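> Make a model of this:
(2 chains)
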Amino acid sequence: MLALQLLATGLVTGCALGVVAISFSLVYATTKIFHVAHAGIYTLGGYLAWSLVMSGIPMPVAVVISVGACAALGALIQSQLYARLERRRATHLVVLIASLGALAVIQNIIAAVYTPNILQFPLQWSSRMVSVGVVRMNYTQLLTIVISLIAYVGTMLFAHRTILGKRIRAVASNPMLADITRLQPQTVYVYVIAIASALVCLPGILVPLDLGLQPYNGVTPLLTATIAMIAGGVGSITGAFVLSVGIAVVQNLSLLVMPGEWSIGVTFFIFVIFMLFRPTGLFTAR
Amino acid sequence: MDFLFSYIVLAEIYVLLGLSTNLLVGIVGIFSVSQAAVFGVGAYLVAHFTMATDPLSFIPSMVIAAVCCVALNILVTLPSLRVSGDYFVVTSFGIQLLATAVFTNWTAGTGGANGLPGIPPPDLFGLPIETTPQYAWLCTGAVVLGCLGFFLIMRAPFGRLLRAIREDETAVAAAGKNVLRAKVSAAALAGAFAGTAGGLYAAFLSFIDPSSFDLDASILLLTMVVVGGARTLAGSIIGPFLLLALPQLLTLVDIPTTIAAAARQLIYGLLLIMFMLFRPQGLAGERL
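Numbers count the residues shown, from 1 in each chain, chains lettered A, B, ... in the order given. As a prediction, this is how the structure comes out:
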């Protein structure tokens, strides 16, 4: 019974995490940048939506505005930071340090404006409970599963059916060739980070709707999502999503035998196992 | 006067940490945000051994802490560096978060979020070191030793090998050198520096808590190396002295205390971005 309830919570967390993993995977597979600042965008999305809801704007509109703002910020980071560094032929390490700097800036602006305390969304419906079979969930959790699955299917369709999606995959597989054939990798990178930032804004709002907002809460989900991406195989959207759900379920089930503070240890243990035995991931891209 | 001395002591401890970070990030070119975790392990170990029911004196505790940090760094870097640099980014974030979880939640061993008070002052072979100026001498000695070690290693064939790896890993491997072993050795050395710094820190403040060893602390260390300048001895010395003066300067500006910590971290973040964009070599370093 408790195990089933934990399994359900694991599925919810896993779906939200899956969207973080897909979005990070999009950026990482295409630009090869280890985009740590993504965690900041994830956090910012929730705070923006909270501010908008607090000022009386209905939730759906608030979500749309936040998603747009996150996409704009992502595009800004790519075009003003990463692209500049790229033009100066900065090393991978320099880009990574700059990204970490951007993360620190975003997180601490949030902490300075909203204080580091937990904030809750002032919505009545979000915590109303429903019974699904033998487990009980609230509306937010159900909504998280539905929206995350839509985001996953949408990303798959986008990557395989649309022209921009194909162009992104072309740039990801061979930037040099894409440049020669006038696919303009640098423009594609801006699109990719904008799309990924818009995507990551969704779990960035949905998770705090259930658990509340805190300015430094983005790093752990991003780390877990990165581990899921690597374990799933870099470049594989399905792999990233499936492994996120898997890791979140294992994490939640581990609560049966150990307290929740150690769940980061469980995640990390999974990563070490993959690193030692299957560093290319389960769903290796063709 | 005591205030000036404690500033010098802290800055010197951070110089040791700066050397450690510089070795890893600047010279070998491995991105790491887990330096503060290793620093913390050193601090907690020294606290543990000097406060045990059957206490060890300061020097043996420091040696044990340094050895443990070396072992920890080898254990952490070996599996991930075998695969690729980005795997180590994940590993170092993971170790940092895991260490913070252990420092905060393992109440029996670390005192949890309340910290660990009452760490005894150090002694050198029976000679007690109690006042801040005396401690400043001890730290100066440690820093001089550390800098000398760093300088000698950089001049040695091993140092040249490390710098060659940063320039072109494939070429080094093609020349028949064992790249993985060199990288792991550098990480081990960085662990020894960080562990020693941790021990000095614990004994100086006589109180430690998890907030000194979290991700923000790692970002601060990285900022010190970036601002001071990567890959040079001067850089690792200038950075800590400058950045530790920054909080004092901030107290002159009228910022509410509730956001002071965030404001400080915000400045570190801005410094990282600005230096990477406009001066990647820092104030006194070489190109990163």
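> From here on, just use CA atoms for contacts and neighbour counts.
OK.
> In terms of helix, strand or coil, where does A:Arg89 fall?
Put simply, A:Arg89 is coil when judged by DSSP: H, G, I helix; E, B strand; the rest coil.
> what sits against it?
By Cα atoms under 8 Å, 6 or more residues apart in numbering or on different chains, the contact set of A:Arg89 is empty.
> Could you report the pLDDT at it?
Note on A:Arg89: pLDDT of 87.
> Just the buried residues of the helix or strand that contains A:Ala151, please?
Assigned by DSSP states H and E, A:Ala151 falls within helix A:139-161. By 16 or more other Cα atoms under 10 Å in any protein chain shown, the buried positions in helix A:139-161 come out as A:140-142, A:144-145, A:147-149, A:151-152, A:155-156, A:159.
> and the residues you listed as JSON lines, adding distance to A:Ala112?
Shown next, in JSON lines, are the buried residues of helix A:139-161 (distance: Cα to Cα, whole Å):
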{"residue": "A:Thr140", "distance to A:Ala112": "28"}
{"residue": "A:Gln141", "distance to A:Ala112": "30"}
{"residue": "A:Leu142", "distance to A:Ala112": "33"}
{"residue": "A:Thr144", "distance to A:Ala112": "29"}
{"residue": "A:Ile145", "distance to A:Ala112": "32"}
{"residue": "A:Ile147", "distance to A:Ala112": "31"}
{"residue": "A:Ser148", "distance to A:Ala112": "30"}
{"residue": "A:Leu149", "distance to A:Ala112": "34"}
{"residue": "A:Ala151", "distance to A:Ala112": "32"}
{"residue": "A:Tyr152", "distance to A:Ala112": "34"}
{"residue": "A:Thr155", "distance to A:Ala112": "34"}
{"residue": "A:Met156", "distance to A:Ala112": "38"}
{"residue": "A:Ala159", "distance to A:Ala112": "38"}
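> Need the max-distance pair from these.
A:Thr140 and A:Ala159 (27.7 Å; Cα to Cα).
> hang on, A:Gly68 is in a helix, isn't it?
Yes. Assignment of A:Gly68 by three-state DSSP places it within a helix.
> Show me what stretch B:180-197 is in contact with.
Contacts of stretch B:180-197 (Cα under 8 Å, 6+ apart): B:13-14, B:16-17, B:19-21, B:23-24, B:28, B:35-36, B:38-43, B:62-63, B:65-74, B:77-78, B:81-82, B:146, B:158, B:161-162.
> Which ChimeraX command selects the buried ones in the residues you listed?
To isolate the buried subset of these in ChimeraX, counting by 16+ other Cα under 10 Å, use the following:
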select /B:13,14,16,17,19,20,21,23,24,28,35,36,38,39,40,41,42,43,62,63,65,66,67,68,69,70,72,73,74,77,78,81,82,146,161,162
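> quick one: the strands in the chain?
Using chain A here. A:129-132, A:135-138 (DSSP state E).
> um, chain B though
B:116-117, B:123-124, B:127-128, B:207-208.
> returning to what we had before: can you lay out the buried residues of helix A:139-161 as TSV showing distance to chain B and pLDDT?
Converted to TSV, the buried residues of helix A:139-161 look like this (distance: Cα to the nearest Cα, whole Å; pLDDT from 0 to 100):
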residue	distance to chain B	pLDDT
A:Thr140	27	91
A:Gln141	26	92
A:Leu142	29	92
A:Thr144	26	94
A:Ile145	27	95
A:Ile147	28	96
A:Ser148	24	96
A:Leu149	26	96
A:Ala151	25	96
A:Tyr152	24	96
A:Thr155	24	95
A:Met156	25	94
A:Ala159	24	91
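> Go through those and name the one nearest B:Met51.
Closest to B:Met51, out of all of the buried residues of helix A:139-161 and judged by Cα to Cα, is A:Gln141, at 47.6 Å.
> Restricted to helices, list the contacts of stretch B:180-197.
Residues of the contacts of stretch B:180-197 located in helices (DSSP state H): B:13-14, B:16-17, B:19-21, B:35-36, B:38-43, B:62-63, B:65-74, B:77-78, B:81-82, B:146, B:158, B:161-162.
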